[in-house]
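A.B. asks: Sequence and predicted structure are below.
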Amino acid sequence: MGYGYQTSQSTMRSVSRAQRDFDIMSMRSMQVNNSPAQIQPWVDDGEGSMISDHYAGGDGYGYSQVRTVSSNAGGSAMGTMRRTLSGTLASRSGDWQEEDQLYVNNVKPRGPAVRTLSRLNQNASRQNRMSMGSVSGSSTIQQQKMGGGNYVQCSNGSYGSLPITRAMSTMSLKSMTKGMDTFDGQEHISVGGKINDGFSDIDMHSAVEYLVASDPALQVLGAAYIQHECYNSTDAKNQAHSLKAIPRLVKLFNYPNQEVQRYATGAMRNLIYDNMQNKTALIAESGIPQLIEALREPDDELRKNVTGILWNLSSKDNLKDKLASETMSELTERVLVPLSQSGNQQSASESEIFYNTTGCLRNLSSVNEKVRQQMRECRGLVDSLVSYIQRSVETGKAEDKGVENAVCTLRNLSFQLYTEIPPSASMRLEGPSRRQDEGPGDVIGCFTPQSKKIKQNQMNDQLTFSEVAKDPKGMEWLWHPQIVSVYNRVLQRCEINSSTREAAAGALQNITAGDKRWAAVLSRVAMEQERILPTILDNLRTNNDQELRSLTGFLRNLSRYARNKDDMATKVVNNLLLKLPSDSSQTEPSSDVIINICGVLNNLVMGSSVAARDIAFFDGLQKLVPIKNNRNSASREKAAKAAMTVLGNMYHYNKLHRDYKLKGFRKEDFIDTSI
């Protein structure tokens, strides 16, 4: 028999049928039939991963939102659980309930700007000697009085305020998780006096009026004051909004004076952070086209502000469609393509611009299928992301935050890939002879390596490889065999940034999910060509639950399509059992991870008696039985059903009953005999 163990013929038929009836993208993609007569094998059609959202400019701290779905429909089967990558639920038709779970990233922002003032004031005497070149570009400065304020007149006749700061948001503002803008020690350029002396004679009303002054120096002062006051102050943001500061600032985005542009965009960056009212007002005033036009300026400080604003705007789902349609091609053409070229060594400013841009694209890629498709089809976008990742890994920069955003974006674009790609590409990947080659009960990966069926499938895989380009371009990168190598290198080289590793594992999880033929092909590419299993097992040592979810989800897909389940079982069973909780009081790992581990074990047990033997040998029964009996919560209930399915299938191996008994376990521990 193909499975290599003794069981009822009806059970084996149900396994084969069940594995072909479902195409799901789920962290909890199992269906358990609670039939009283027998333990039905568990449906495992591969799993997709959750979408990576890196919010910038949102409310509060960063989080990855995961929505789980439970079925309301009646019947004996446990509902298929589907999980998206980033907080966007990709639900199927049917009667579903959604439950939001927030995973909080406790990255706390630094304190407000005042924390930098004391240090700067101590250096006031040194700063007095600094140039005001950022205002006028001249080395000849004469102090004058204008309108009650302190200003300097330069040799070219232009004016600048005495002690104003150089655009804070260009260098002193750093977008953190979810776009938290925080001062990070930016040096302020001033001439004499305390750092805030330049603002002593004005208020918000005056600052807004300065924005429409004819003198660029006054416009700079007004914008700088708004920027300073609106940092971390909701009241100041609301006051600026009520005084109509936003439309006036928008008109300065493309003002002929570059300093005015810098300060205007810097003020807007602080105004819109954590303030939906101001975000909406910016868009209503045609701010996005003005920002895109300003992005064309060859000034890194200005481009940092512009891309930072776009990243902040992209944190809101209701703005993502508009942003995608109006900014995607320009961001790709003006930022991604030039800054990802293999011969281009990025400066510090360029790295920040690239980071802001990929943060924006990362958020946009999480919203819906329409935007994902636009991004896949955007000329140069996917190629640039892949090229940047490859170059960064090769040059020892795999830990960079830009790499994290790039990998997360590709991971999101891989979500539900085989159902969202163009029909012509889908037909090519499926192959012309799949229906003729496979009977209604065949399941890829459930035959012995020596079988005629496996040899035929190997030939078909080789034929399919000839149907993809040797050198992938555009969206073809997302499913090309070479992308498996890219993600594998990221997992191997990225030792510190767990978010990047989790995204790479999630992308691998997505492209190997489901029952499509190409998912099986890429699974085998990963296992047999890339030999990725040691890398995955090495990364399993992490205690990061999100990373474990993606890693075990990917392993679950690999175990489904593994040609030699005996060999895989000897390599992974012990490693997986070590991650299971030792007793019911242990809260980690999460139920998602437990369910995935049970999914891997179940796939192997159904095709290999070696897997069942090793589970018993490595004391897996001591962990699986308590999991089966722990039903303290809804999530643990699902984990209990997963463990029960594994145990039930293990008991089908009559030759192992003696081993189970020697370990102290009875039939009742494997099968509920009370039903």
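C.D. replies: Alright, I've got the coordinates. What you see is a predicted model; the values in this text were computed from it and never measured. Numbering: from 1, shown residues only.

A.B. asks: what about Asn575, how many residues close to it?
C.D. replies: 17 (other CB atoms under 10 Å). Where C-beta positions appear, they are placed from N, C-alpha and C, glycine not excepted.

A.B. asks: Once you drop chain neighbours, what's closest to it?
C.D. replies: Nearest non-adjacent residue to Asn575, counting by CB to CB, 6 or more residues apart in numbering: Leu537, 5.1 Å away.

A.B. asks: neighbouring contacts of the host helix or strand of the one you found?
C.D. replies: Assessed by DSSP states H and E, Leu537 sits inside helix 533-539. Outside of helix 533-539, the residues within contact range by CB atoms under 8 Å, 6 or more residues apart in numbering are 488, 491-492, 501, 505, 527, 547, 551, 554-555, 558, 568, 571-572, 575.

A.B. asks: right, and the helix or strand after that helix?
C.D. replies: Next along the chain after helix 533-539, taking DSSP H and E as the criterion, comes helix 545-561.

A.B. asks: Give me the pLDDT value at the residue nearest to Asn575.
C.D. replies: Looking at Leu537, its pLDDT stands at 97.

A.B. asks: same thing with Met268?
C.D. replies: Value for Met268, per-residue pLDDT: 97.

A.B. asks: following the strand or helix carrying it, which helix or strand shows up next?
C.D. replies: Using DSSP H and E, Met268 maps to helix 258-272. Next along the chain after helix 258-272, taking DSSP H and E as the criterion, comes helix 276-284.

A.B. asks: hey, where'd the strands end up in the protein?
C.D. replies: Assigned by DSSP state E, the strands in the chain fall at 63-71, 96-104, 141-146, 149-154, 159-161, 173-175, 181-183.

A.B. asks: quick revisit: list the buried residues for the helix holding Leu537?
C.D. replies: Residues 533, 535-537, 539 are the ones in helix 533-539 that count as buried (16 or more other CB atoms under 10 Å).

A.B. asks: again with stretch 325-339
C.D. replies: Applying 16+ other CB under 10 Å to stretch 325-339 flags 327-337, 339 as buried.

A.B. asks: ditto for stretch 291-308
C.D. replies: 291-292, 294-295, 297, 299-308.

A.B. asks: separation between Thr409 and Ala236?
C.D. replies: 34 Å (CB to CB, to the nearest Å).

A.B. asks: more neighbours, those two?
C.D. replies: Between Thr409 and Ala236, counted using other CB under 10 Å, Thr409 has the larger neighbour count: 27 against 18.

A.B. asks: hang on, the more buried one packs against Leu361?
C.D. replies: Yes. At 5.2 Å, Thr409 counts as touching Leu361 under the criterion of CB atoms under 8 Å.

A.B. asks: Please enumerate the shared neighbours of those two.
C.D. replies: Met375.

A.B. asks: what's around the residue lying closest to Met475 once chain neighbours are set aside, how many residues?
C.D. replies: Among residues not flanking Met475 along the chain, Arg376 sits closest, at 4.1 Å (CB to CB, 6+ apart). Using other CB under 10 Å, the number of residues around Arg376 comes to 21.

A.B. asks: Could you pull up the residues touching Arg376?
C.D. replies: Counted by CB under 8 Å, 6+ apart, Arg376 has contacts 382, 413, 420-421, 474-475, 478.

A.B. asks: and if you look at Ile283?
C.D. replies: 313, 319, 322.

A.B. asks: okay, it: pLDDT?
C.D. replies: 95.

A.B. asks: and the buried residues of helix 533-539 as TSV, adding distance to Ser387?
C.D. replies: Converted to TSV, the buried residues of helix 533-539 look like this (distance: CB to CB, whole Å):
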residue	distance to Ser387
Leu533	27
Thr535	22
Ile536	25
Leu537	29
Asn539	24
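
A.B. asks: ok, of those residues, which one's closest to Lys470?
C.D. replies: Thr535 (25.2 Å; CB to CB).

A.B. asks: Which one of the contacts of Ile283 is nearest to Leu621?
C.D. replies: Closest to Leu621, out of all of the contacts of Ile283 and judged by CB to CB, is Leu319, at 52.3 Å.

A.B. asks: Name the spans of the stretch 201-350 of the chain whose pLDDT lies under the cut-off.
C.D. replies: The stretch 201-350 of the chain contains residues with pLDDT under 70 at 342-343.

A.B. asks: Just the helices from it, written as ranges.
C.D. replies: 204-210, 216-230, 234-242, 245-252, 258-272, 276-284, 287-294, 300-313, 317-331, 337-339, 348-364 (DSSP state H, counting those that start in this stretch).

A.B. asks: so which of the contacts of Ile283 comes closest to Ser349?
C.D. replies: Looking across these and measuring by CB to CB, the closest to Ser349 is Leu313, at 21.0 Å.

A.B. asks: Can you report how many residues lie near that closest one?
C.D. replies: 27.

A.B. asks: you'd agree it is up against Glu326?
C.D. replies: No. Counting by CB under 8 Å, Leu313 does not reach Glu326; the two are 10.4 Å apart.

A.B. asks: pLDDT averaged over stretch 384-400, what's the number?
C.D. replies: So the average pLDDT for stretch 384-400 ends up being 96.

A.B. asks: buried ones in it?
C.D. replies: So, applying 16+ other CB under 10 Å, buried residues of stretch 384-400: 384-393, 397-398, 400.

A.B. asks: need those residues in TSV with distance to Ser426, can you?
C.D. replies: Below are these laid out as TSV (distance: CB to CB, whole Å):
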residue	distance to Ser426
Ser384	25
Leu385	22
Val386	21
Ser387	26
Tyr388	28
Ile389	25
Gln390	26
Arg391	31
Ser392	31
Val393	30
Lys397	35
Ala398	32
Asp400	34
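
A.B. asks: farthest pair in the residues you listed?
C.D. replies: It's Ser384 and Ala398 that sit farthest apart of the buried residues of stretch 384-400, by CB to CB, at 17.2 Å.

A.B. asks: picking that back up, among the contacts of helix 533-539, which one sits closest to Lys470?
C.D. replies: Asn488 (19.3 Å).

A.B. asks: how near is that closest one to Leu533?
C.D. replies: 11 Å.

A.B. asks: And Gly648, by the same measure?
C.D. replies: 27 Å.

A.B. asks: Val600 now?
C.D. replies: 12 Å.

A.B. asks: For the two, list the residues in contact with both.
C.D. replies: Common neighbours of Val600 and Leu533 (CB under 8 Å, 6+ apart) are Val572.

A.B. asks: count of residues packed around Gln586?
C.D. replies: Counted with other CB under 10 Å, Gln586 comes out at 12.

A.B. asks: Give me the pLDDT value at it.
C.D. replies: 86.
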